[in-house]
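Engineer: Sequence and predicted model, in that order:
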Amino acid sequence: MKKLFKHCIIMLFFSFKVFSLPLGAESRLGEAMFFEKANELDVFLKTEKTIIDWKDFNISAQETVRFNQPSKDSAVLNRITGNNTSFLLGNLESNGSLFLLNQNGIIIGQDAHIKADSFFASTLKLLDFNSKNDLEFYGDQNSSIINLGKIEAEKEVYLISKSIKNYGQIFVKNGGANLIASTKVLIKPNNEDNIFIQIDEKEEVKNEIGIENSGLIKAIKTNLSSKGNIYQCAIKHSGVIEANGIKNINGEIYLVAKDGLIQTKKNAQLIAKNENSTGGRVNILADDIRLEGKTLIDVSSELGEGEVNIGGGYRGKDDRFFNSQMTAVSKNVKINADATVNGNGGKIILWSDGGTTFHGSISTKGGEISGDGGFIEISGIKQLNFDGEINTSAKNGFLGTMLLDPSNIMIGKKDPSGGSFNGQSPTDSYVLTAAAAFIDLSDLYAALDSANVVIDTDSAFSSTGDICLCSSFYYFPQTINSGSLTLIADRNIDICGLLNYTALAGSNVSINCTAGNDFTTNSMIEGTEVTLNFTANDVILKGGFSITDLKNFNIISSTDVWFGPNVSHDLQCKSSAVINITAGNDIKIEGDFSCIDATSLNLASPNDITIEKANISTLPSFSFTRTN
């Protein structure tokens, strides 16, 4: 705010100061003719590439400078050799590519209007402008580019400097808007990935912002890239960025700061969609990502297919992206990838290799007329704090899926030690204090109302890959469209509390548990209208069962299956139910085992099958199989 106030004072001062038009022109390459009349300067160029050195390059309000080039493919490089900042307060126009380089800084005033086929502004030097297609910018100047006005281009806009602030408007009709904060930049126009930032580890980290955008940017593709390791905050976004794809070119937004911090604040918006009614893409990649305020990220569209990647890609293994170490989403942040008419919901990924905290809302709903819900992944390998809302529902389709895949996870009552935003300027950093991943039961119930929930652990970073249901689980959905619960553990799954999933008649839900080592229940499993699937090295069922209208029950163990003593194992089945119990060693059923009304009960083991007490009735098929 102080810096913005300072720039406003500067602009106020220069609004009263009378500038002349650009001064001291000298052609260094090509041929240029200059015609000045009243408040206008026309520059006529006869060659495809032209270089002009200027002593000063300023444009006062009400003044216009035009560069008339042979074609849209022509380019003119304007280099300022004096020691003064360029103040562009009036109109700057060109029918071709227009380059403006001033190591002392460039300020574009509130009433300024720049219009060109392509516009490049930089406080760095440009190497070999005439000899090759690649554009290599370099320099260690601490000057800035500040835009308070309006920049329009047909193809491309590039603002390249160590510090960039956009408080104005940038419009690119058929190309990209690129704001790049660095001291070494290589642009390869013919490459799909055309911007390369060179990191210099020797540069000192300073208490400043690389790119600050509180203005409006509209383009097919927008790229905010910062050499993150030299700034306290590499990218700070509180404005509006819209990416509108055309024909076969997707609308895309990239915010990238390797080894740096990206922060969204206030009413920041990132909106991407395509001309063919599909959703666009938003990718936010940095070492530290903090989405705060009332940030809105929206790739919704009539036909769906939008995609958002924050902190990395699917399971952190997408080669297109590097992974974050910290990803934090605050309470009022909304991320949407809905299909609004016909189509499937999109895909939204929140990832970090370190800690991820989620307090906001995410939606990947299917279309109102047709289409299935989309996909959501929220994961932090070392730490995960899930305390938000998700929705993958579909009025006329199937539910989508939410995936949580940390190293370990506990499911239970509210954890008071998840973490918090500290509210301190300038970065309002998030402090994650939880020792491991945690999901509150109330948040899990809410997620199951509108999504199939998959919790999949990985024994990475010296973790065991365990899942623990630490408290009793009571879920009573109000519609038949509730989701299935799938638990997949690298090592153990421990059900310490009662597990009750009472679905409505007509539901199609299941509880699926797969453990690399042991699956253990210590309390009763209860429910209605569910399918149970348990797979593990050992399946240890200590707590008993009380199931009505059981649809199917499958147990697969590579060693032993054990139904514990002194409890009831009561399975009241639907007439179509099939129960399969398969062990790699022994099957032992103690306690009171009751199986009523199933189509078949099948037990298979290479060794012993033991049933101490059983009540088996209305069962057309009952088989014991020695599998060896």
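Structural biologist: It's in. Residues are numbered from 1 along each chain as shown.
Engineer: what comes up buried for the host helix or strand of R66?
Structural biologist: Element membership for R66, per DSSP states H and E: strand 64-68. Within strand 64-68, the residues that count as buried by 16 or more other Cβ atoms under 10 Å are T64, V65, R66, F67, N68. Every residue, glycine included, has its C-beta placed from N, CA and C.
Engineer: Can you tell me which of those residues is nearest S484?
Structural biologist: When the buried residues of strand 64-68 are compared for distance to S484 (Cβ to Cβ), F67 wins out at 63.1 Å.
Engineer: Next up, the contacts around the spatially closest residue to that closest one that is not a sequence neighbour.
Structural biologist: Spatial nearest neighbour of F67, excluding adjacent residues (Cβ to Cβ, 6 or more residues apart in numbering): S94 at 4.0 Å. S94 sits next to R66, F67, N68, Q69, V76, K115, A116, D117, F119 when contact means Cβ atoms under 8 Å, 6 or more residues apart in numbering.
Engineer: how about the nearest residue to I488, chain neighbours excluded?
Structural biologist: In this structure, I488 finds its nearest non-sequential neighbour in D456, 4.2 Å apart by Cβ to Cβ, 6+ apart.
Engineer: distance of that neighbour from S576?
Structural biologist: As judged by Cβ to Cβ, to the nearest Å, D456 and S576 stand 30 Å apart.
Engineer: Could you dump the contacts of S94 into CSV with distance to G380 added?
Structural biologist: Formatted as CSV, these follow (distance: Cβ to Cβ, whole Å):
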residue, distance to G380
R66, 54
F67, 51
N68, 56
Q69, 52
V76, 49
K115, 46
A116, 44
D117, 45
F119, 40
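Engineer: among these, which two are most distant?
Structural biologist: Between any two of those (Cβ to Cβ), the greatest distance is 15.6 Å, for N68 and F119.
Engineer: give me the number of residues near the nearest residue to I310 once chain neighbours are set aside?
Structural biologist: In this structure, I310 finds its nearest non-sequential neighbour in I284, 4.7 Å apart by Cβ to Cβ, 6+ apart. Neighbours of I284 under the rule other Cβ atoms under 10 Å: 27.
Engineer: where exactly do the strands run in the stretch 201-350 of the chain?
Structural biologist: With DSSP state E, counting those that start in this stretch as the criterion, the stretch 201-350 of the chain has strands at 206-213, 216-219, 221-226, 231-237, 240-245, 252-264, 269-274, 281-291, 296-298, 307-310, 326-329, 334-336, 347-352.
Engineer: Buried deepest among those, which one?
Structural biologist: A comparison of these by mean neighbour count, using mean count of other Cβ atoms under 10 Å, puts strand 326-329 on top with a mean of 29.
Engineer: For the helix or strand immediately after the strand holding R66 in the chain, give me every contacting residue.
Structural biologist: Moving toward the C-terminus from strand 64-68, the next helix or strand (DSSP H and E) is strand 75-80. Residues from elsewhere that reach strand 75-80, judged by Cβ under 8 Å, 6+ apart: 28-29, 32, 43, 45, 48-57, 67, 69, 86, 94, 96-104, 118, 126, 129.
Engineer: Which members of those residues are classed as buried?
Structural biologist: 32, 43, 45, 49-54, 56-57, 67, 69, 86, 94, 96-103, 118, 126, 129.
Engineer: Mark which of those are part of strands, please.
Structural biologist: Counting by DSSP state E, the part of those found in strands is 32, 43, 45, 49-54, 67, 86, 94, 97-101, 118, 126.
Engineer: Look up how far V567 lies from T627.
Structural biologist: Per Cβ to Cβ, T627 is found 27 Å from V567.
Engineer: Which one of these two is surrounded by more residues?
Structural biologist: Each of T627 and V567 has its neighbours counted (other Cβ under 10 Å); V567 has more, 19 against 10.
Engineer: can you count the residues close to the residue lying closest to that one once chain neighbours are set aside?
Structural biologist: Nearest non-adjacent residue to V567, counting by Cβ to Cβ, 6+ apart: G544, 3.3 Å away. By the criterion of other Cβ under 10 Å, G544 has 21 neighbours.
Engineer: Model confidence for G544, exactly?
Structural biologist: pLDDT recorded at G544 is 92.
Engineer: I'd like to know how far it sits from S94.
Structural biologist: As for G544, its distance to S94 is 80 Å (criterion: Cβ to Cβ).
Engineer: now K184
Structural biologist: Noted for K184: a distance of 27 Å to S94, by Cβ to Cβ.
Engineer: again, but for N248
Structural biologist: For N248, the distance to S94 - Cβ to Cβ - is 28 Å.
Engineer: Ok, F171 next?
Structural biologist: 15 Å.
Engineer: Likewise for N396?
Structural biologist: For N396, the distance to S94 equals 52 Å [Cβ to Cβ].
Engineer: the inter-axis angle of the strand holding R66 versus strand 97-101?
Structural biologist: Using axes from the mean of the first three to the mean of the last three Cα atoms, to 10 degrees, one finds that strand 64-68 and strand 97-101 are set 130 degrees apart in direction.
Engineer: what about strand 64-68, average pLDDT?
Structural biologist: 98.
Engineer: try stretch 39-54
Structural biologist: Per-region confidence: stretch 39-54 scores 95 on mean pLDDT.
Engineer: Make 15 the starting number, not 1.
Structural biologist: Got it, first residue is 15 now, which makes that one stretch 53-68.
Engineer: Any idea how far it is from the middle of the chain?
Structural biologist: 44 Å (Cα atoms, centre = their mean, to the nearest Å).
Engineer: What is the end-to-end distance of that stretch?
Structural biologist: 18 Å (Cα to Cα, to the nearest Å).
Engineer: now stretch 532-542
Structural biologist: For stretch 532-542, the end-to-end distance is 25 Å (Cα to Cα).
Engineer: distance between it and the chain's centre?
Structural biologist: Worked out by Cα atoms, centre = their mean, stretch 532-542 lies 36 Å from the chain centre.
Engineer: From the rest of the structure, what touches it?
Structural biologist: 486, 505-517, 525, 527, 546, 548-564, 581.
Engineer: May I see the PyMOL selection of the buried members of those residues?
Structural biologist: Only the buried entries of those go into this PyMOL selection, using 16+ other Cβ under 10 Å:
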select buried, resi 486+505+506+507+508+509+510+511+512+513+514+515+517+525+527+546+548+549+550+551+552+553+554+555+556+557+558+559+560+561+562+563+564+581
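Engineer: Which of the contacts of stretch 532-542 fall within strands?
Structural biologist: Residues of the contacts of stretch 532-542 located in strands (DSSP E): 507-509, 513-516, 525, 527, 546, 548-550, 552-555, 559-564.
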